[in-house]
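Chemist: Mind folding the following:
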Amino acid sequence: MAGPAAGAAAGHGRVQVRPARADDAADLARVHVAAWLGAYRGLLSDAFLDALDVASVERRWDGLLADGLRPHLLVGVVAGRVVGFVNSGPAFESVPDGEVYAIYVEPDAWGTGAGPALLAAAEDELRGLGHREAVLWVMPGNARARRFYERSGWAPTGLEAVHDAMGLSVDVVQHAKTLDA
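Modeler: Residues are numbered from 1 along each chain as shown. Below you'll find the predicted structure:
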């Protein structure tokens, strides 16, 4: 594994970033559901959000971890607790060639530096894999996330798409960044 997440945990202030482990499924599910509830209320239907079930999301994470997702999945830890995660790797759609597939931080950890630490670690991972450009996708109405990405040097490209997210079709817009060596 390339970048600061290799070997010992890398820190960003109080945040430690480390590779995900097989036993992280429960924490990943907890963070995933909490982040969706905190970030997507008003963007997705209340019925959909209220039906999210941590146990079923945990089973999904168990399967993903068993299938080898971990090499490019990093978790952010604050005071011994997993508070966020980021997953990155080759882009699913042609160019640019790297992609941040998902980054989530539980709302209680917003403002702790976990988001910037995870995004920087993902960028380092992508550089280490030889990617010089990367994209990510975000819901157009997710103003908080878009501000975060833009402060981190990610710029909107004008491309729009519809992606599947936990079985739901979601409108998304693309942001891109050149990953300087």
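
Chemist: Without its sequence neighbours, what residue ends up closest to the residue most central in space within the chain?
Modeler: Nearest to the mean C-alpha position of the chain, by CA atoms, centre = their mean, lies Ile103 at 1.4 Å. Leaving aside its sequence neighbours, Ile103 sits nearest to Val86 (CB to CB, 6 or more residues apart in numbering; 4.3 Å). All C-beta atoms are positioned from the backbone trio N, CA, C, and that covers glycine.

Chemist: that's a strand at the one you found, yeah?
Modeler: Yes - counting by DSSP: H, G, I helix; E, B strand; the rest coil, Val86 falls inside a strand.

Chemist: thinking again about what came up before, my hunch is that the residue nearest to the centre of the chain is in a helix, does that hold up?
Modeler: No - Ile103 sits outside any helix when classified using three-state DSSP, being strand.

Chemist: Could I get the contacting residues of it?
Modeler: Gly84, Phe85, Val86, Asn87, Gly115, Leu118, Leu119, Ala122, Leu136 (CB atoms under 8 Å, 6 or more residues apart in numbering).

Chemist: give me the element the last one is part of.
Modeler: Put plainly, it is Leu136. strand 133-138 (DSSP states H and E).

Chemist: Kindly export that strand (C-alpha atoms) in PDB.
Modeler: Extracted as PDB, the C-alpha positions of strand 133-138 are listed here (Å, rounded to 0.1, in the frame of the first residue of the first chain):
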ATOM      1  CA  GLU A 133      -5.800  12.900 -11.900                       C
ATOM      2  CA  ALA A 134      -8.800  11.900  -9.900                       C
ATOM      3  CA  VAL A 135     -12.600  12.400  -9.700                       C
ATOM      4  CA  LEU A 136     -15.300  12.100  -7.200                       C
ATOM      5  CA  TRP A 137     -19.000  12.400  -7.400                       C
ATOM      6  CA  VAL A 138     -21.300  14.300  -5.100                       C
END
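
Chemist: other SSEs contacting it?
Modeler: Packing partners of strand 133-138 (3 or more CB pairs under 8 Å, 6 or more residues apart in numbering; DSSP states H and E): strand 98-105, helix 143-151, strand 155-165, strand 168-178.

Chemist: hang on, Trp137 packs against Ala161?
Modeler: Yes - contact status for Trp137 versus Ala161: in contact at 6.8 Å, counting by CB atoms under 8 Å.
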